[in-house]
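Chemist: Output the structure for:
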Amino acid sequence: MKVNTGHLTYCTNIHPGKNWNDDFTALKDNFSFIKESVSPGQPLGIGLRLSNVSSLELSEQGNIAEFKHWLKENNAYVFTMNGFPYGEFHRTVVKEDVHTPDWTTEARKDYTIRLFTILQSLLPVGMVGGISTSPLSYRHWFKTTTDFTEAKNAATINIVAVIKALVTIANATGTVMHLDLEPEPDGIIETGREFIDWYTDDLLPTAISDLVDSFGITAIEAEALTKRHLCLCYDVCHFAIGYEDHADVLKELKEKGIAVGKIQISAALKANMDQSPDQRIAIKESFQKFNEPTYLHQVVALKRDGKLIRYTDLTPAIADFEHQDVMQWRAHFHVPISVQDIGVLQSTQQDIIEVLNLQKVAPFTEHLEVETYTWEVLPEQLKIPIAASISNELEWVIKTNV
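Modeler: Just a heads-up that it's a prediction; the model follows:
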């Protein structure tokens, strides 16, 4: 739906689905309730998540035509997609395999280009589209500096191939779309700092050279095209986990001319650890309730000296719970954004409020997407019917007047 600073939607990765039939059924079962709740008088956007299997099935002409007809009949539109998870994303152990296949592979490149082909066919005329994607790979798969660097270089080359495909689509159809790279804990790119450094030191030199040769354009033109088609996905949960200064990150992006393609509006878990022994026991027990086996729930601990300790999941973090120098924990578990207090724990909702206030003062993107994919694995006290849960979150965003 159109809000003051852009288009607001929710990501359909909250729905379980192994194929396009499952995905489409989930939309048909839930969308009308959501739309009637939050956007009865205007079109409501959809942040579409497709697995590789679903993307292959939707690419069939009959399925695309049927879906476009359904969008029209339901006053809905697709302007953004989530191209991070390639395979199954619910009711199976995902963990670090959410990065599989990574950006070092042809499979990831081909899947992403296929998603853009689908998005180009679905986008309303004149609207810019975007697809978020993984932060190149999972850093702990690469045990040496050489392996890490080689993976980053190979991934960058495949990213550039997608940029070239987007330039070609734009030249042929006039449709502008961007790939939005999403830093997250333990990705090859996990922070704003790492994204900016990769963009300026690795991506731009590689992309400019390739685009100059491929399209017969100047280096200045090639840089502009790269910046048009490769953006940042600002997942608020991920930046909050790393205790990043949102205003500083956005300021540097603006100074360097790097665009934010999408805000993923999401919240992490947190707890202040400077508590009495009894309170700390309650905090530990509460985190344990979120230690489920489907997804990675990385923890970043803030020490008294300002340094960070990074844990690959809740299990090793809980094993080190008695660390005396730690002041705060933040855990990668997407909790409902409309909730601030979760028993003795809290959410990073305040980070969302800060980012949306920055967006209101000086809009830096047109795409806003609520992303709380963990509904199925939430503790029972946080669960309400899924369509009502999505509606609550969208309504909470709408009330911020973003």
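
Chemist: my read: residue 265 touches residue 368, true?
Modeler: Yes: proximity of residue 265 to residue 368 meets the contact threshold set by Cβ atoms under 8 Å, at 6.2 Å. Every residue, glycine included, has its C-beta placed from N, CA and C.

Chemist: which residues do these two both contact?
Modeler: residue 397 (Cβ atoms under 8 Å, 6 or more residues apart in numbering).

Chemist: what about the helices in the stretch 251-400 of the chain?
Modeler: 277-289, 314-319, 349-361, 386-398 (DSSP state H, counting those that start in this stretch).

Chemist: typo on my end, it should be the stretch 1-150 of the chain
Modeler: 20-38, 52-58, 61-73, 106-122, 145-173.

Chemist: Let's have the ones you listed in TSV, adding mean neighbour count and mean pLDDT.
Modeler: Below are the helices of the stretch 1-150 of the chain laid out as TSV (neighbours: other Cβ atoms under 10 Å; pLDDT from 0 to 100):
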stretch	mean neighbour count	mean pLDDT
helix 20-38	17	96
helix 52-58	19	97
helix 61-73	13	96
helix 106-122	19	98
helix 145-173	17	98
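
Chemist: pLDDT (mean, whole number) over the longest strand seen in the chain?
Modeler: The residue-count maximum for a strand in the chain (DSSP state E) belongs to strand 326-335. Mean pLDDT, strand 326-335: 96.

Chemist: which parts of it are buried?
Modeler: 326, 329, 330, 331, 332, 333, 334, 335 (16 or more other Cβ atoms under 10 Å).

Chemist: Tell me which residues touch the second one, please.
Modeler: With contacts taken as Cβ under 8 Å, 6+ apart, residue 329 has the following neighbours: 269, 270, 271, 273, 287, 299, 300, 301, 302, 317.

Chemist: ok, now the last one?
Modeler: Contacts of residue 335 were listed using Cβ under 8 Å, 6+ apart, and they are 267, 268, 269, 342, 347, 372, 374, 378, 382.

Chemist: Please report how far the residue nearest to residue 360 when sequence neighbours are not counted lies from residue 357.
Modeler: Spatial nearest neighbour of residue 360, chain neighbours left out: residue 402 (5.6 Å); criterion: Cβ to Cβ, 6 or more residues apart in numbering. Here residue 402 is placed at a distance of 8 Å from residue 357 (Cβ to Cβ, to the nearest Å).

Chemist: related to what we said a few turns ago, if you rank the contacts of residue 329 by neighbours, which is first?
Modeler: residue 299 (28 neighbours; other Cβ atoms under 10 Å).

Chemist: residues touching that one, list them.
Modeler: So residue 299 contacts 310, 311, 313, 314, 317, 329, 330, 331, 332 (Cβ under 8 Å, 6+ apart).

Chemist: Show me the beta-bridge partners of it.
Modeler: residue 311, residue 331 (DSSP bridges).

Chemist: Show the pLDDT at it.
Modeler: pLDDT, residue 299: 98.

Chemist: likewise residue 315?
Modeler: 97.

Chemist: and it, how many residues sit next to it?
Modeler: For residue 315, using other Cβ under 10 Å, the count is 13.

Chemist: same deal with the one 10 residues further on?
Modeler: Other residues within reach of residue 325 by the criterion other Cβ under 10 Å amount to 12.

Chemist: so how far is residue 185 from the nearest residue to it once chain neighbours are set aside?
Modeler: Spatially, and ignoring its direct neighbours in sequence, residue 325 is nearest to residue 303 (4.7 Å; Cβ to Cβ, 6+ apart). According to Cβ to Cβ, residue 303 and residue 185 sit 17 Å apart.

Chemist: more neighbours, these two?
Modeler: Remark: of residue 303 and residue 185, residue 185 carries more neighbours, 25 against 14, as counted by other Cβ under 10 Å.

Chemist: one step back: and residue 402 and residue 357? Which one has more around it.
Modeler: Set side by side, residue 402 and residue 357 show more neighbours around residue 402, with 22 against 14, by other Cβ under 10 Å.

Chemist: quick one: contacts for the more buried one?
Modeler: Neighbours of residue 402 in contact, by Cβ under 8 Å, 6+ apart: 3, 4, 5, 8, 356, 359, 360, 368.

Chemist: repeat that with 10 Å
Modeler: 3-6, 8, 263, 265, 352-353, 355-360, 363, 368 (Cβ atoms under 10 Å, 6 or more residues apart in numbering).

Chemist: List just the one of the helices of the stretch 251-400 of the chain that sits closest to residue 205.
Modeler: helix 349-361 (29.9 Å; Cβ to Cβ).
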